[in-house]
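>>> I would like to see how this sequence folds:
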Amino acid sequence: MTIQGIGPLIRLLLAPVTMSVGGLLLDKWLLPRLASANRVASLQVEAAFWDICHWGILCLVSLSAIWGLYRLWLYIHWRSGNSDGGCPSCGGPMQHLQEPHAMYSECMICGARKNGWVTEHRHKASV
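Residues are numbered from 1 along each chain as shown. Below is the predicted model of the structure:
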């Protein structure tokens with residue numbers, strides 16, 4: 001993989017990896033410290049609360065892992081040339097965003113923006 005290939009991969013996977021690592025740090029480091037500091041509450045309520053927190057963090061980590069795998073799948077399809085992307089610059093997949101004053105499409109690979117929503121189409125290199 002070249003340096004040019006690392007930038008889009010970081011762009012796609014930074015948010016899911018950050019959510020996963022943050023959830024794991026919260027579960028393994030912060031929650032035990034908070035639990036040991038709050039020993040004045042009744043034990044049944046406290047145990048139920050920490051169980052709910054643990055399962056919520058587990059769901060967060062699982063969803064961010066699924067999100068990361070989906071984005072990795074998008075990257076692999078883009079690198080292999082099988083992407084149905086609409087980006088005029090690189091042919092990558094576009095995400096459609098709307099702000100209060102405008103609608104635009106942004107490439108998930110290179111970050112290029114285009115006013116209005118871009119319809120997906122297939123880029124094929126002519127041989």
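
>>> what about residue 6, helix or strand, and which?
Residue 6 belongs to helix 3-25 when assigned by DSSP states H and E.

>>> can you mark which positions in the helix or strand containing residue 49 are buried?
Element membership of residue 49, judged by DSSP H and E, is helix 43-80. If you call a residue buried by 16 or more other Cβ atoms under 10 Å, then helix 43-80 has these buried ones: 53, 57, 60-61, 64, 67-68, 71, 74-75, 78. C-beta: built from backbone N, CA, C; applies to glycine.

>>> show the backbone phi and psi for the spatially closest residue to residue 87 that is not a sequence neighbour.
Of all residues not flanking residue 87 in the chain, residue 107 sits nearest, at 3.9 Å (Cβ to Cβ, 6 or more residues apart in numbering). Dihedral angles of residue 107 (phi, psi; degrees, to the nearest 10) stand at phi -70, psi 130.

>>> next one: residue 107 from residue 74, what distance?
Distance, residue 107 to residue 74, using Cβ to Cβ, to the nearest Å: 11 Å.
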